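J.: Got a predicted model here, sequence first, then my questions.
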Amino acid sequence: MTVGPPEPGRRGVALRSWELWSLPKDLSRYLLLAEVAAAGWTVVAVATETVNRTDLLRFGVLAALFAAFQLISPRIERMRIRMADSHRVDMTSVWTFAGVIALPAGLSALLALLISVAMTVLRLRAGIHLYRQAFTAATVVLACLTGSEVLGLTAPHLAGMSGSAGEAAIVLLTMVIYTAVNTTMIAGAIFLAARPLPVRALFGTAEENGLEVATLCLGGMAALTVMYTPWLTVLSIVPMVVLQRGALIKQLEVAATTDPKTGLLNAVAWRHIAQKELARAARDRHTVAVMIIDMDRFKAVNDTYGHLVGDAVLVAVAERLTTELRQYDSIGRFGGEEFVAILPEVDLATARAVSGRILARVRELEVFSPDAPAVPLGGFSASIGLALYPDNGGDVESLLHVADSALYAAKSAGRDRVESFTL
């Protein structure tokens, strides 16, 4: 997985724009320590191990497979880089993890370094900072070296493989170690760059981790193919291309339906889902609640503390809405400080109770100022307007109109409250 701390300032590759020295001291020390450790361990591994002709041949095959894959799908990779947020699964791990299984430790580290250098050129063109790429390369190299050491202690190169369950367990253990080292180091950098953060921000989403596991599984199979049926190694490229295209399609779907600031549905996607929920409610004859949540005096928050704090408040509110509502409730952002949610199979009394919990969570909200030292900021509140299907309307626009009117009534009645209209 490729990820890094937030990139302050302008993007660029010149040394004058290399932002490493402007990062927090504990973060810059952490990055440099990882890079020094990776370089030192690689030198020791290369200098102390014995490499034979077969190892060099496998190294060449894996490097050639990586090169062939990049030649086949360079445009897809560039699009994935440009569309990525802080987390992005680095699908080159199929080749680096294959190196862990098929090569001695030093060669596996050199393969990871070779791949990292090639990918750095591509990512620098896309505007990714050099210090992030250096740290990413260090995490991959350290993951390869650690995985190789574990494999070397248990089953060196899986020589004379018999296909036993124990050998499969060894490969699985190596995969876990490789992933744990890489993921933990990355999470540490993210935490030092922008603490405090929720676990999801540190370790990525379930979809991202699932894609990483799939890539590593392909890497394990590619390694075994290189070791035992080298003429079939070219077949490993086909599923990699398909997997990469699938990942890009997923990114495009997310970009088309998601609000980039909060991660909630955007207005278009929310309306589409709301229409489907109302059609299902009409078919099954149950009620649906529509909720509009609007932050109180949000302009004053931006004017007093700045837009960075305002954005942090919106993100925090989105997280609390996601926590308070059910997994199958659809939550969207309509722009500005306004959120909307649709709650299937909920009556008005339940919707009001849920709204009360949301208001309480907003009152408890604290965000931190961007100043040093950071100061906790609170005193936030919201108002909520409710509408109920079918009592207040039979379509999305009618329900939104009623909920918006109820929201206006909540604002007029003093804010920090929930209002609804009953027939």
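T.: Happy to help now that I have it. Numbering: from 1, shown residues only.
J.: count of neighbours near the residue nearest to residue 270 when sequence neighbours are not counted?
T.: Distances taken as C-beta to C-beta, 6 or more residues apart in numbering place residue 332 nearest to residue 270, at 3.0 Å, with adjacent residues excluded. Backbone N, C-alpha and C define where each C-beta goes, glycine included. Residue 332 has 26 neighbours, counted by other C-beta atoms under 10 Å.
J.: could you say what helices and strands the helix or strand hosting residue 332 packs with?
T.: Element membership of residue 332 [criterion: DSSP states H and E] is strand 330-335. The contact analysis (3 or more C-beta pairs under 8 Å, 6 or more residues apart in numbering; DSSP states H and E) places strand 330-335 against helix 267-284, helix 307-324, strand 338-344.
J.: what angle sits between whichever strand or helix holds residue 400 and strand 338-344?
T.: Assigning secondary structure by DSSP H and E places residue 400 in helix 396-412. In terms of direction (axes from the mean of the first three to the mean of the last three C-alpha atoms, to 10 degrees), helix 396-412 departs from strand 338-344 by 120 degrees.
J.: how about the CA coordinates for helix 396-412, as CSV?
T.: C-alpha atoms of helix 396-412 as CSV (Å, rounded to 0.1, in the frame of the first residue of the first chain):
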residue,chain,number,x,y,z
VAL,A,396,-38.1,12.8,-2.8
GLU,A,397,-38.6,16.4,-3.7
SER,A,398,-41.8,16.7,-1.7
LEU,A,399,-40.2,15.2,1.4
LEU,A,400,-37.1,17.4,1.0
HIS,A,401,-39.4,20.5,0.8
VAL,A,402,-41.3,19.5,4.0
ALA,A,403,-38.0,18.7,5.8
ASP,A,404,-36.5,22.0,4.7
SER,A,405,-39.5,23.8,6.0
ALA,A,406,-39.2,22.0,9.3
LEU,A,407,-35.5,22.9,9.5
TYR,A,408,-36.4,26.5,9.0
ALA,A,409,-38.9,26.2,11.9
ALA,A,410,-36.1,24.7,14.1
LYS,A,411,-33.8,27.6,13.2
SER,A,412,-36.6,30.2,14.0
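J.: which parts of it are buried?
T.: Neighbour-count burial for helix 396-412, with 16 or more other C-beta atoms under 10 Å as criterion, is recorded at 396, 398, 399, 400, 402, 403, 404, 405, 406, 407, 410, 411.
J.: do the same with stretch 286-306
T.: 287-296, 298, 301, 305.
J.: cool, stretch 54-73 as well?
T.: Buried-residue list, stretch 54-73, by 16+ other C-beta under 10 Å: 55, 58, 59, 61, 62, 63, 65, 66, 69, 73.
J.: Output the below-cut-off pLDDT ranges for the stretch 201-350 of the chain.
T.: Within the stretch 201-350 of the chain, the stretches with pLDDT under 70 are 201-207, 240-241, 243-255.
J.: change it to 50
T.: Nowhere does the stretch 201-350 of the chain drop to pLDDT under 50.
J.: For residue 287, list the residues it contacts.
T.: Residue 287 sits next to 281, 345, 346, 347, 348, 388, 389, 390, 391 when contact means C-beta atoms under 8 Å, 6 or more residues apart in numbering.
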